[in-house]
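Participant: Task: produce atomic coordinates for the following.
(one chain, ligands or ions: 1)
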Amino acid sequence: MIGIIGAMDEEVSKIKAAMTDVEIQKRAGMDFYKGKLQGKEAVVVRCGIGKVNAALCGQILADFYQVDYMVNTGIAGSLNANIDIGDIVLSTDALQHDMDATGFGYEVGVIPRMPVSVFEADRHLIDLAKEACEKVNPDIKVFTGRVVSGDQFVSDKEKKKWLVETFHGYCTEMEGAAIAQAAYLNGIPFLIVRAISDKADDSANMDYAAFERKAIEHSVNLMMEMCSQL
Ligand code: ADE
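Facilitator: Numbers count the residues shown, from 1 in each chain. Predicted coordinates:
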């Protein structure tokens, strides 16, 4: 069974609509759509925005659905001049850029008393997603790199510069690393798939509104194809 998490309705509604044999179960205020996607057992859910919602949702997927894979799909802000609006980023790994225990002597992004703070995505899922993306989204580029997550919509060029210099991220969003951490703690392979909606700089608010739909289309296309190959 694959668990697919999106933060917003727009990010998962098309995937839900393509499911068959659907049963909806409400847990922690979230609707879990359990059924088949491209003939494969799947559970698709909108978790809401931010790391807490995302982590909770990941734990429910582990406990109640015993998912074999967790995939977080949606949109993100680009942190790299080569990665354009509409392009896709697949996570090599993910971390939380707003985890800050520097006052205790930890480096920023490091979770105190955890053996791991940078969560590595599953190689098999990365390869599958890359192949799927090249097949169904031939007009865009697919990148594989670090996703940095935080409870913050990044729309400031100084903050963006800091994220790039400190963490070398490819894109930034608000859920991926929380899902990655939940997946890690439960021993479940994960992947983050994000289509770029903006450049995470001073134009982010405007670009986001204009390009959100197109970006979501790319990530949905990819997810559907990837699922059929799982
Ligand atoms: N999701 C899409 N764009 C984003 C941004 N600039 N910052 C955080 N999350 C995002």
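Participant: For the residue lying closest to Tyr33 once chain neighbours are set aside, what is the enclosing helix or strand?
Facilitator: If the residues on either side of it in the chain are set aside, Tyr33 comes closest to Val44, at 4.6 Å by Cβ to Cβ, 6 or more residues apart in numbering. Where you see a C-beta, it was placed from the backbone N, CA and C, and this is true even at glycine. Taking DSSP states H and E as the criterion, Val44 maps to strand 40-46.
Participant: So which residues make contact with that strand?
Facilitator: For strand 40-46, contacts defined as Cβ atoms under 8 Å, 6 or more residues apart in numbering pick out 1-9, 11-12, 15-16, 19, 30-37, 57, 61, 65, 67, 227-228, 230.
Participant: Please name the residues that touch Asp122.
Facilitator: Applying Cβ under 8 Å, 6+ apart, one finds that Asp122 lies in contact with Tyr69, Pro189, Phe190, Leu191.
Participant: which residues touch the closest residue in space to the third one that isn't next to it in sequence?
Facilitator: Spatially, and ignoring its direct neighbours in sequence, Phe190 is nearest to Ala183 (3.7 Å; Cβ to Cβ, 6+ apart). Counting by Cβ under 8 Å, 6+ apart, Ala183 makes contact with Gly58, Ala62, Met70, Phe119, Pro189, Phe190.
Participant: so the first one touches Ala178, yeah?
Facilitator: Yes. Here Gly58 reaches Ala178: they are 7.1 Å apart, a contact under Cβ atoms under 8 Å.
Participant: list the buried ones in the helix or strand bottoming out on mean pLDDT in the chain?
Facilitator: Using mean pLDDT, DSSP states H and E, the weakest-scoring helix or strand in the chain turns out to be helix 204-229, at a mean of 87. Applying a neighbour-count criterion of 16 or more other Cβ atoms under 10 Å, the buried positions in helix 204-229 are 204, 207-208, 211-212, 215-216, 218-227.
Participant: Between which two of the contacts of Ala183 is the distance greatest?
Facilitator: Checked with Cβ to Cβ, the contacts of Ala183 reach their widest spread between Ala62 and Phe119, with 14.3 Å between them.
Participant: and those two? which has more neighbours close in?
Facilitator: For Ala62 versus Phe119, neighbours defined as other Cβ atoms under 10 Å are more numerous around Phe119 (23 against 18).
Participant: That one reaches Ala177, doesn't it?
Facilitator: Yes. If you go by Cβ under 8 Å, Phe119 and Ala177 touch, sitting 6.5 Å apart.
Participant: Mind listing the shared neighbours of these two?
Facilitator: When contacts are counted by Cβ under 8 Å, 6+ apart, Phe119 and Ala177 are jointly contacted by Ala94, Leu95.
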